[in-house]
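Peer 1: I need the structure of the sequence given here:
(2 chains)
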Amino acid sequence: MIPLILRRIAQSLPTLFLVVTGSFFLIRLAPGGPFDLERPLPPAAMENLRRVYGLDQPLIVQFGRYLLSLLRGDLGPSFTFRDLTVTDLFARGLPVSVTLGSLALLLALALGLALGSLAALNRGAAADRLVGLAASLGLAVPNFVTAPLLQIVFGLGLAWLPVGGWADGNPKNLVLPVLTLALPHAAGIARLTRASLAEVLIQPHIRTQRAMGLPRTRIARHALRGALLPVVATLGPLAAALMTGSVVVETIFGLPGIGRYFVEGALNRDYTLVMGTVILVAVMVIVFNLIADLIAAALDPRVRLSA
Amino acid sequence: MSAALARRLARDRSALVALASLVLIALACLVGPLLTGHPPERIYPDFVRVAPSLAAHPRPDEVRPALTRLAFRMRPTLEDVALERDRVRLTLTAQKPIDERSFRLLSRSGLFGEPAVLERSADGRRLLVEAPLRKLTFVLGTDALGRDLLTRCLAAGQVSLLIGLTAALAALLIGVVYGAVSGMAGGTVDALMMRFLDILYALPFVFLVIMLLVFFRAGLWLVLVAVAAVEWLDMARIVRTQTLSLKGRDFVRAASALGAGTGTILARHIVPNTLGPIVAAATLLVPRVILLESFLSFLGLGVQEPDTSWGVLIAEGARALESAPWMLAAPAGFLVVTLMALNRLGDGLGEALDPRL
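Peer 2: Residues are numbered from 1 along each chain as shown, chains lettered A, B, ... in the order given. Here you go, the predicted structure:
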């Protein structure tokens, strides 16, 4: 398993390099710079700033320097959050995003698997239709609609929960953002579970078990194991997306996660922050895909961990 | 699409309902803005954030405040207002003889029709004017500037649907060509092309889209290109798998034995036979594109004023949620119904194509 993990990491390095190179030059090609203010700085001050941050060097030299500092694990100083490095910003924001993301992932999995199995085991029945309707609604309502609706119902109308804010991770503050993040994914997982479980349930080995008179719950457990594979396959990108925060959810609920850094960084031409976020997301995608593959292999020995 | 497929789809009642609602929404967006009686850009300063209602405006209690505001801008002083069911009578006085051109403000406000002078005093400094009341209905209410929300939603729907269809079509074309070529070529070329696809899959594409939009000033067409560039990957995979399974079939080998070139085989035999699954996948692509566009527009990176899309309207509505909840409900309703219908239709097509179910 260890050589496999190492091989996968080695394979992902070219992808990572492509991401870094592509985004580095794309950002630099863009018009505007990090020190463009409403009132332009005096040329001398601008000159100084550019020298301090190394922006006066030729682009290729800057790129080389950036790669070298990346190898040392240094993501560079942020251009807009003065006195802070990109690593500092991540150290602050990542715990928030990961807390929200992992809770949302667990909730989405629990809800999705339960409802999906319920629907598949009662195909065509009222429960199936109800789950189907709820799932298609969950997939169609975007989170920037869910979030304000939850705020106005539970935050303002019923006044059960705070409308926003982080409050050092107070559980009450987490409920609405986690719900907003989880609902569409719960819907997706429910649909996927229903489809794959329905497919497994008509296979010969399940028919045999039924013929042998195994209890329904035992059969369901057997079938679910096989049906989990397609769900696990989608888990990698899903987990990566959830852990790296959501611009919409963090903006609407006023949460200090890392989801906002990318858009804000891009708007402010905060080169290092944008680069750092892109690299972080790419690494997360690679890591969680690897984890999802390992889980898939544990579930089904037929899955070869080759590529 | 074959007749058999159409028959199977016709048995799927919910897919038919979905198709019918899509046609209805598309038609409404296309011709609706002409029928609502309000141009989408028309601003009624007197009717800001009016709640949805079938009853006509102006209501009796809305006339006086509106007239006071108008009189402030018209030179003459408003001495007396007589309000009847469908008309108002105004008595105007001024220091100098009254210029009737200032009455244009009355009809321009949108509340009143053409005013007529009933009586004029000898020195022209005192006038009795009558103006009919217009009947304005705002079925879905108005927005924060006083524009009719129904018209705005329908006009926004044109943009959202156009982006959805065009971007999905572009993604479809790229995906079909890439997938078919890769599957047909086989061997090393296929392996390389698929490896490239794997790399693209690993890229955080939404980030690329956002970068493009932020750095190079968002425009409608850039949004389209950006969205299409993200969404063609799945399509390429589907087409490649289909091509691989078709390639070995007898009719393709026969065509090749008869001397047909690779291009001809692709265009005449492979691509037409992959159309079914492609159409199903493309139908599911449209809602994804619309959702991505509205997400970008919600962030303010997508469609820009004076154009509007459902995402733009939802963003406005979310900001005004407390004072005017209909501003969120109306565009969100349009968006959600459209997405649900498209998803259902795509699933229905997929099921109709799958003989096992």
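Peer 1: Pick out the residue closest to the middle of chain A.
Peer 2: Compute the mean C-alpha point of chain A, and by CA atoms, centre = their mean the closest residue is A:A241, 1.3 Å away.
Peer 1: Summarise which helices and strands the helix or strand containing that one is packed against.
Peer 2: Here A:A241 is covered by helix A:216-243, with elements defined by DSSP states H and E. The contact analysis (3 or more CB pairs under 8 Å, 6 or more residues apart in numbering or on different chains; DSSP states H and E) places helix A:216-243 against helix A:86-121, helix A:171-201, helix A:204-211, helix A:271-299. The way it works is simple: take the backbone N, C-alpha and C, and place the C-beta from them, glycine included.
Peer 1: Is it possible to get CSV of the ones you listed that adds mean neighbour count, distance to chain B and mean pLDDT?
Peer 2: Listed next are the helices and strands packed on helix A:216-243 as CSV, based on neighbours: other CB atoms under 10 Å in any protein chain shown; distance: least, CB to the nearest CB, whole Å; pLDDT from 0 to 100:
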stretch, mean neighbour count, distance to chain B, mean pLDDT
helix A:86-121, 20, 13, 90
helix A:171-201, 21, 9, 88
helix A:204-211, 12, 14, 84
helix A:271-299, 21, 4, 84
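Peer 1: which one of these lies closest to A:L235?
Peer 2: Of all these, it is helix A:271-299 that lies closest to A:L235, at 4.6 Å by CB to CB.
Peer 1: Give me the angle between the closest one and helix A:216-243.
Peer 2: 170 degrees (axes from the mean of the first three to the mean of the last three CA atoms, to 10 degrees).
Peer 1: By proximity to chain A, which residue of chain B wins?
Peer 2: B:F215 (3.2 Å; CB to the nearest CB).
Peer 1: Who are the contact partners of that residue?
Peer 2: Applying CB atoms under 8 Å, 6 or more residues apart in numbering or on different chains to B:F215 gives the contacts A:L26, A:I27, A:L29, A:A30, A:P31, A:G32, A:A266.
Peer 1: now that we have those residues, which one has the most neighbours?
Peer 2: The residue in those with the most neighbours, by other CB atoms under 10 Å in any protein chain shown, is A:A266 (24 neighbours).
Peer 1: My read is that that one contacts A:V278, right?
Peer 2: No. Shown here, A:A266 and A:V278 do not form a contact pair, counting by CB atoms under 8 Å, at 10.0 Å.
Peer 1: what's the model's confidence in stretch A:12-30, averaged?
Peer 2: Across stretch A:12-30, pLDDT averages out at 82.
Peer 1: So it, near chain B or not?
Peer 2: Yes. Interface with chain B: stretch A:12-30 contributes A:S12, A:P14, A:T15, A:L18, A:V19, A:G22, A:S23, A:L26, A:I27, A:L29, A:A30 (CB under 8 Å from any CB of the partner chain).
Peer 1: Now residue 209: closest residue in space, sequence neighbours ignored.
Peer 2: In the absence of a named chain, this looks at chain A. Nearest non-adjacent residue to A:Q209, counting by CB to CB, 6 or more residues apart in numbering or on different chains: A:I219, 5.1 Å away.
Peer 1: wrong chain, I was asking about chain B
Peer 2: In space, and not counting its chain neighbours, B:V209 is closest to B:A226: 4.2 Å by CB to CB, 6+ apart.
Peer 1: residue contacts, A:L156?
Peer 2: Contacts for A:L156 (CB under 8 Å, 6+ apart) come out as A:V163, B:E322.
Peer 1: Tell me the confidence at it?
Peer 2: Confidence score, pLDDT, at A:L156: 78.
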